[in-house]
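Return a 3D structure for these sequence lines:
(4 chains)
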Number of protein chains: 2
Amino acid sequence: MNETTREDAVLVLLDVAARIERRLDNALSMTRGISFSEYRLLKALAGAGTRGVMRVDLAEAVGLTASAVTRALRPLEKIGVVATEKHERDARCSLATLTPAGAELLSDAERVVADGLDAIPMKGLSLERLVALQAELAKPRQAPARRGMIRAHRDPTSGQEGAS
Amino acid sequence: MNETTREDAVLVLLDVAARIERRLDNALSMTRGISFSEYRLLKALAGAGTRGVMRVDLAEAVGLTASAVTRALRPLEKIGVVATEKHERDARCSLATLTPAGAELLSDAERVVADGLDAIPMKGLSLERLVALQAELAKPRQAPARRGMIRAHRDPTSGQEGAS
DNA sequence: TATGAATACTTGAGCAGTCAAGTACTTTTA
DNA sequence: TAAAAGTACTTGACTGCTCAAGTATTCATA
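Prediction:
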């Protein structure tokens, strides 16, 4: 029966998350014409400052695949809120940055999100626990990288390091 | 800055939920060939006992639209884990029930989910808070039903009442 | 230094959901 | 009791994601 309680908790957690996400998504798309995913992308870009961010890191930051980021970024570039430039030393990478227009859109969107969140009483739900849970879940699933199979040539001078 | 902290908490919550859902979905589809949505549908059907459940109530229970339930139920019927019969007094409704094969699949799937959850330390995250949050979020968004616009002819004898 | 492996990104195909509109039926009300 | 309104479900068109495969590039190594 305790088993059931824990599963119920998880089911409720998932349900709550879905509702919050849908609510924020609606608010954003109605008032600013962007989706919640796009909002998260803009936020991740802003978090990287003036450095450009690679697609893969963006994907990691917002919980999408690189493929999804490629597709999501295109319209954002088209409307001029995101710009892409080449990495000067690694031609494979294209680094995305927030334009001034993008920064403005983001700050508008942040207000929308804050308003949306006002209706949601999160107090009592500890951020620490959630972060711990997140870290736990972000661990590699299996095959814990037996040899030195670490990301090879990440360049400290330009790839983002703290877009979370 | 407190504003930011709360938004961060929500963002982390959504992230955690997405990771858990993906993990369970993978586990279920690899071992039992069903998605997490399908699992939730089966569970909702089981919760209704022998009574059939209407599409709309199923949708409400699992957080999908009636449209999505219609589409999701079709393959489940095809493989024989769900059966549909007509409501005897309201020809609009089709009532879904779990077949014995469906009940068996569900109990297998429940084991898979329980195993998947074992890796997730949920302790410290109170179910009560989550449920309160869920209730809050489930409230009608706006236009609180000004006249007596309540669900009309819900039949106590067959429509489900506790499939949650 | 040539070759194989890893990495960054893009693209094609497919899937699972949404919304809007349509059908069939039931209830309300004038 | 006929018309209007509401409800249950389905369908068509679309979106936003995924995975798998392909291209271009860089790193590692024999």
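
Could you pull up the residues touching the closest residue to A:L42 other than its chain neighbours?
Distances taken as Cβ to Cβ, 6 or more residues apart in numbering or on different chains put A:L106 closest to A:L42, at 4.4 Å, once the chain neighbours are dropped. Quick note: C-beta positions are derived from backbone N, CA and C, even for glycine. Neighbouring residues of A:L106 by Cβ atoms under 8 Å, 6 or more residues apart in numbering or on different chains: A:39, A:42-43, A:46, A:98.

quick one, helices of chain A?
A:2-31, A:36-47, A:55-62, A:66-78, A:100-118, A:127-138 (DSSP state H).

between those helices, which one is nearest to B:S126?
Within the helices of chain A, the stretch nearest B:S126 is helix A:2-31; the backing value is 8.3 Å (Cβ to Cβ).

in chain A, what spans have low per-residue confidence?
Chain A contains residues with pLDDT under 70 at A:1-4, A:122-125, A:133, A:136-164.

For chain B, what is the nearest residue in it?
Going by Cβ to the nearest Cβ, chain B is nearest to A:A17 of chain A, at 3.2 Å.

got a list of what that residue touches?
Neighbour list for A:A17: B:13-14, B:16-18 [criterion: Cβ under 8 Å, 6+ apart].

if you set the cut-off to 7 Å instead, what comes out?
Contact analysis of A:A17 by Cβ atoms under 7 Å, 6 or more residues apart in numbering or on different chains lists B:13-14, B:17.

To B:S29, which of the helices of chain A lies closest?
Minimum separation from B:S29 across those (Cβ to Cβ) falls at helix A:2-31, 16.4 Å.

re the thing from before, which among the helices of chain A is found nearest to B:E7?
helix A:100-118 (6.1 Å).

what comes up buried for the closest one?
Across helix A:100-118, burial judged by 16 or more other Cβ atoms under 10 Å in any protein chain shown covers A:102, A:105-106, A:109-110, A:112-113, A:116-117.

would you put the C-alpha positions of that helix in PDB?
The C-alpha trace of helix A:100-118 is given here as PDB (Å, rounded to 0.1, in the frame of the first residue of the first chain):
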ATOM      1  CA  PRO A 100      18.500  42.900 -28.200                       C
ATOM      2  CA  ALA A 101      15.000  42.300 -29.500                       C
ATOM      3  CA  GLY A 102      15.200  38.800 -28.000                       C
ATOM      4  CA  ALA A 103      16.300  40.100 -24.600                       C
ATOM      5  CA  GLU A 104      13.300  42.500 -24.700                       C
ATOM      6  CA  LEU A 105      10.900  39.700 -25.700                       C
ATOM      7  CA  LEU A 106      12.300  37.600 -22.900                       C
ATOM      8  CA  SER A 107      11.900  40.200 -20.200                       C
ATOM      9  CA  ASP A 108       8.300  40.700 -21.400                       C
ATOM     10  CA  ALA A 109       7.800  37.000 -21.300                       C
ATOM     11  CA  GLU A 110       9.300  36.700 -17.900                       C
ATOM     12  CA  ARG A 111       6.700  39.100 -16.600                       C
ATOM     13  CA  VAL A 112       4.000  36.900 -18.100                       C
ATOM     14  CA  VAL A 113       5.400  33.800 -16.500                       C
ATOM     15  CA  ALA A 114       5.700  35.500 -13.200                       C
ATOM     16  CA  ASP A 115       2.000  36.500 -13.400                       C
ATOM     17  CA  GLY A 116       1.000  33.000 -14.300                       C
ATOM     18  CA  LEU A 117       3.000  31.700 -11.400                       C
ATOM     19  CA  ASP A 118       1.300  34.000  -9.000                       C
END
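
Thanks a lot, catch you later.
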